[in-house]
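>>> sequence below, structure please.
(chains A and B)
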Number of protein chains: 2
Amino acid sequence: MGRRKEDLDESKRSSGIQPVEEGRRSFLKGSLMLAGAAAAGGSAGLASVAQAGSLAIPESNKSMGREIEPKAYGMPSKYEAHVTRNRTDVFVNKQHWSDWSMTPLQHQKGIITPNGLFYERHHAGTPDINPEQHTLVVHGMVKQPLKFSMDDLMRYPSMSKFYFMECSGNGLTDWKTVKSTTVQQTHGLLGCAQWTGVPLSWLLDEAGLADGAKWVLLEGADGSAHLRSIPIEKCMDDVMIVWGMNGEMLRPENGYPLRAFIPGWEGNVCVKWLRRIKVGDKPWNARSETARYTDPMPEGKWRQFSFVMECKSVITSPSGGMKIPGPGRVEIEGFAWSGNGTIKAVDVTFDGGKTWREAKLEDPVLDKCLTRFRYSWDWDGGPAKIASRAVDSTGYVQPTVADIDKVRAITGFVQHHNGVFPWSVSSSGEVANAIA
Amino acid sequence: MGRRKEDLDESKRSSGIQPVEEGRRSFLKGSLMLAGAAAAGGSAGLASVAQAGSLAIPESNKSMGREIEPKAYGMPSKYEAHVTRNRTDVFVNKQHWSDWSMTPLQHQKGIITPNGLFYERHHAGTPDINPEQHTLVVHGMVKQPLKFSMDDLMRYPSMSKFYFMECSGNGLTDWKTVKSTTVQQTHGLLGCAQWTGVPLSWLLDEAGLADGAKWVLLEGADGSAHLRSIPIEKCMDDVMIVWGMNGEMLRPENGYPLRAFIPGWEGNVCVKWLRRIKVGDKPWNARSETARYTDPMPEGKWRQFSFVMECKSVITSPSGGMKIPGPGRVEIEGFAWSGNGTIKAVDVTFDGGKTWREAKLEDPVLDKCLTRFRYSWDWDGGPAKIASRAVDSTGYVQPTVADIDKVRAITGFVQHHNGVFPWSVSSSGEVANAIA
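Residues are numbered from 1 along each chain as shown, chains lettered A, B, ... in the order given. Model prediction:
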């Protein structure tokens, strides 16, 4: 069993779990001990427990449960009905075609975002597309225009990769003053899945790039005909055309039956309901890359084509709206991710950034994927300001909002907010958004 | 962009994807080329396509889609309603409390089994358990009996691990003559998820093992009070007590709110709706480890405590019920897994086991986890018998049914079927269960 033992030890190390003496004892209050239970082994122990009423047989042991149905797609427990993806709580929007919903990151276990909870963002609602009628055309500066049915595409050898996806607008309401209440609202335009499809480079190879091909247009089959221009280098590198997400076909709101996936880049370039790929020699400068998805810079200029979602992290527990029951050990948990590579380290602060401690990362740590971090904090019961700061494999360190303010113009609802994000902890244990 | 390029090359290698010349061209029939399209670049290409009617604007581009709801838990597309977990098609069962449903492996993308499609197996139906009232007691040969609420447990530092889970009865209807029709029915008591919880060793450390502690009893809160005895060595090694599955709380039918997870071992020891852990000095020899979950051996003896799910694999595409459209390139895909470690290699045969070729494995290849393999087969259009054979990190080679027959008694519905599993391909391309 030597090998398995090592595996477990490895898990403990990599997940940042503390040895018993350092980290665990304090999680167990005296109240957990069974009243009247003798410190004895064997049946004596059982007798003590039974006397204390602790082994009373629950009702569920006394009856038959729900039968198995002939065919079913299962759903969460009714006791988890509070775990949903939610629309923004900051704006009042009178129609919800161009809108977004957010992932409940405070409830997420591990690195996989369930498809039913994965955030949505679209400009004209979710179209109803029959995959048997859906086609993808590759045309423009190619030697041979091509048209694919879903069957044609799915006959290719597929590949599956774990990647995060983040909307460029994630955090846009919480730069300086506008305050969302929970981490679902501050950071929930974020999710992580295993995506299945084919490299775009295969389709472009198949069509044959004409001389001078430099940019690729992706267009969706939705009411907004959403489109984006992507440099050919990225398309020939790691862009995927995907139909699968976390083991099944894409959900309608996430692009069913076909979307682009552009690893590490902002969500809006991963065009959903993809119906057309056109090759050209320059960007198309569509509305979604001029009036939208651009960033204000100092002196009134605007930055275009800021594709990469840079290194970022956030503490998800404890986070806004939670309450720490009392002083003592508090398990800090959160996510870190980078569109430029893997997460190398995460630091956490409890004094608003004066001092930092290194958190532990949980395996697997994958390229352009959510990575979990944790730190066991001994809270003294006083007011605190907690935050995390990630470093990626390029050496890039997640900046503060003040750092970003020096090089960009933070006015209004600005995209690409990857600043360090603080939560305040009051002396009564209440946790709240602490953006100054 | 050098690093990213390497990442993609790595993906291609590890997923077994062939270079263009070797594997891809034949996927694209001439029919994919757009009728009348000129081999030209720029707008000429677009014009050609448009003339051919291929860029007709779909209806979904002309209207608004579904609006975003305030709070929602999303569901698959209505066009995917045929993808469900299904009860067995072999037995006629008049009640469905003690029953099972099976994962549609032929539809699974990547290695994650969606929670809504994850197979079920229980003896008295799915109980309805309120997590606020659920408790876990640790007692027996311990120094201090303990009782945990769900909140107590979830305050521990958690860990998340990707593992497969397989019912010991997976394949039990298809040893020699009884034939299921699809891979869902032959191998669908199988799934893979990221599981979140705490090591059982922590709870046992906390309670303190008394001298002589050798076995641990796990008992569920369901109508059958399902229970199993587990050796203390495994409990102190890698056993987890879990509440999370693929990013969210366990589904009711998979043990909500708490179950045991015993990596690499048969599903039935991963006791669901876990309410009691008792430590003792010998196994309890419960009904589920004497009358059930034992294996017939030669000379009429029965083997008890055959916990490990040994190395196994199956081709999921093409598989039973599918039809290959015609001679030429056929992408072979499947899963391999081992309860004893990682998958080291998978071979595939097209002539019923006379000759074997090495398939490619897709990253990530994780310990006790589903691993995807693939092979690009050039089918000549003649009758064929296809199968896969996995090798794990201990060097163990997946046996044939004939191999297993030499050391065990295959009579009736025998558990622990990890034999090589063949599909026949007829000259018309029909794929069927080929168990002789």
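
>>> please enumerate the helices of chain A.
Counting by DSSP state H, chain A has these helices, from start to end: A:2-14, A:42-51, A:150-154, A:183-187, A:200-207, A:232-235, A:401-407.

>>> the fifth one near chain B anywhere?
In other words, helix A:200-207. Yes. When contact is scored as CB under 8 Å from any CB of the partner chain, part of helix A:200-207 falls within range of chain B: A:S201, A:W202, A:D205, A:E206. Every residue, glycine included, has its C-beta placed from N, CA and C.

>>> from memory the first one sits against A:C235, does it?
This points to A:S201. Yes. In terms of CB atoms under 8 Å, A:S201 counts as a neighbour of A:C235; the distance is 6.7 Å.

>>> least confident of the helices of chain A, on average?
Ranked by mean pLDDT, these end with helix A:2-14 in last place, scoring a mean of 32.

>>> neighbour count for A:S201 and A:C235, which is higher?
Applying other CB atoms under 10 Å in any protein chain shown to A:S201 and A:C235 shows that A:C235 carries more neighbours, namely 23 against 19.

>>> what's the local residue count around A:S101?
Look at A:S101: counted by other CB under 10 Å, it has 26 neighbours.

>>> I should have written A:L55 there, sorry.
Using other CB under 10 Å, A:L55 has 21 neighbouring residues.

>>> residues in contact with the nearest residue to A:A124 once chain neighbours are set aside?
With CB to CB, 6 or more residues apart in numbering or on different chains as the criterion, A:A124 has its nearest non-adjacent residue at 3.1 Å, and that residue is A:G223. A:G223 makes contact with A:W97, A:H123, A:A124, A:G125, A:P127, B:S60, B:N61, B:K62, B:S63, B:M64, B:G65 under the criterion CB atoms under 8 Å, 6 or more residues apart in numbering or on different chains.

>>> same thing but at 10 Å, please
When contacts are counted by CB atoms under 10 Å, 6 or more residues apart in numbering or on different chains, A:G223 is found next to A:97-98, A:122-127, A:273, B:60-65.

>>> on that earlier part again, tell me, what's touching A:S201 and A:C235 both at once?
The overlap between the contact sets of A:S201 and A:C235 (CB under 10 Å, 6+ apart) consists of A:L209.

>>> ok, A:Y396 to chain B distance?
Look at A:Y396 and chain B: by CB to the nearest CB, to the nearest Å, they are 13 Å apart.

>>> same question for A:L361.
Counting by CB to the nearest CB, the gap between A:L361 and chain B amounts to 12 Å.

>>> one more: A:G191?
Using CB to the nearest CB, A:G191 is found at 9 Å from chain B.

>>> so that residue sits against A:F162, correct?
No. With contact defined as CB atoms under 10 Å, A:G191 does not reach A:F162; the gap is 11.6 Å.

>>> okay, and the common contacts of those two?
Taking CB under 10 Å, 6+ apart as the contact rule, A:G191 and A:F162 both touch A:I112, A:N246, A:L370.

>>> of these, closest to A:M75?
Nearest to A:M75, judged by CB to CB, of those is A:N246 at 15.6 Å.

>>> and that closest one, how many neighbours?
Residues within reach of A:N246, counting by other CB under 10 Å, total 30.

>>> break chain A into its domains for me.
Per the record, chain A has its domains at A:99-302, A:312-433, by automatic domain parsing.

>>> among those, show me which one is buried the most.
When neighbours are counted by mean count of other CB atoms under 10 Å in any protein chain shown, the highest per-stretch mean among the domains of chain A falls to domain A:99-302, a mean of 22.

>>> what parts of the stretch 251-400 of chain A come near chain B?
When proximity is defined by CB under 10 Å from any CB of the partner chain, the stretch 251-400 of chain A lies next to chain B at A:251-254, A:256-257, A:263-264, A:273, A:275-276, A:278-281, A:317, A:325, A:329-333, A:340-341, A:360, A:362-364, A:366-368, A:370, A:372, A:374-376, A:393-394.

>>> in strands, which of those appear?
When strands are assigned by DSSP state E, the members of those inside them are A:275-276, A:278-280, A:317, A:329-333, A:360, A:372, A:374-376.

>>> just flag the most distant two among those.
A:G280 and A:R329 (57.9 Å).

>>> got the shared contacts of A:G191 and A:F162 as CSV, with distance to B:L117 and pLDDT columns?
CSV is the format used below for these (distance: CB to CB, whole Å; pLDDT from 0 to 100):
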residue, distance to B:L117, pLDDT
A:I112, 14, 98
A:N246, 11, 98
A:L370, 23, 98
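
>>> out of these, which one sits closest to A:Q398?
A:L370 (14.5 Å).

>>> just list whatever residues bridge to the nearest residue to that closest one once chain neighbours are set aside.
The shortest distance from A:L370 to any residue that is not its chain neighbour, by CB to CB, 6+ apart, is 4.0 Å, and that residue is A:C192. Per DSSP bridges, the residues bridged to A:C192 are A:F164.

>>> so A:C192 versus A:V365, what's the distance?
Here the distance between A:C192 and A:V365 works out to 13 Å (CB to CB, to the nearest Å).

>>> one more: A:T113?
Plainly put, A:T113 is 17 Å away from A:V365 if you go by CB to CB.

>>> same question for A:N268.
As judged by CB to CB, A:N268 and A:V365 stand 27 Å apart.

>>> contact partners for the spatially most central residue of chain A?
Nearest to the mean C-alpha position of chain A, counting by CA atoms, centre = their mean, stands A:G191 at 2.5 Å. Contact partners of A:G191, counting by CB under 10 Å, 6+ apart, are A:85, A:102-103, A:105, A:108, A:112-115, A:117-120, A:163-167, A:245-246, A:254, A:267, A:370, B:247.

>>> among the residues you listed, name the ones in strands.
A:R85, A:M102, A:E120, A:Y163, A:F164, A:M165, A:E166, A:M245.

>>> okay, now A:A72: neighbour count?
By the other CB under 10 Å criterion, the neighbourhood of A:A72 contains 16 residues.

>>> show me what contacts it?
With contacts defined as CB under 10 Å, 6+ apart, the neighbours of A:A72 are B:T84, B:R85, B:N86, B:R87, B:S101, B:G116, B:L117, B:E120, B:E253.

>>> per-residue pLDDT of it, please?
At A:A72 the predicted local confidence, pLDDT, stands at 97.

>>> quick check: A:Q304 vs chain B, distance?
Using CB to the nearest CB, one gets 19 Å for the distance from A:Q304 to chain B.

>>> ok now stretch A:201-213, how far from the chain's centre?
32 Å (CA atoms, centre = their mean, to the nearest Å).

>>> how about the CA coordinates for that stretch, as CSV?
What follows is stretch A:201-213, C-alpha atoms only, in CSV (Å, rounded to 0.1, in the frame of the first residue of the first chain):
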residue,chain,number,x,y,z
SER,A,201,-6.3,25.1,-37.3
TRP,A,202,-7.5,21.8,-38.8
LEU,A,203,-10.5,23.5,-40.4
LEU,A,204,-8.3,26.3,-41.7
ASP,A,205,-5.7,23.9,-43.0
GLU,A,206,-8.5,22.0,-44.7
ALA,A,207,-9.8,25.1,-46.4
GLY,A,208,-6.2,26.3,-47.1
LEU,A,209,-5.2,29.8,-46.2
ALA,A,210,-4.7,32.2,-49.1
ASP,A,211,-1.6,34.4,-49.1
GLY,A,212,-2.0,37.5,-46.9
ALA,A,213,-4.5,35.9,-44.5
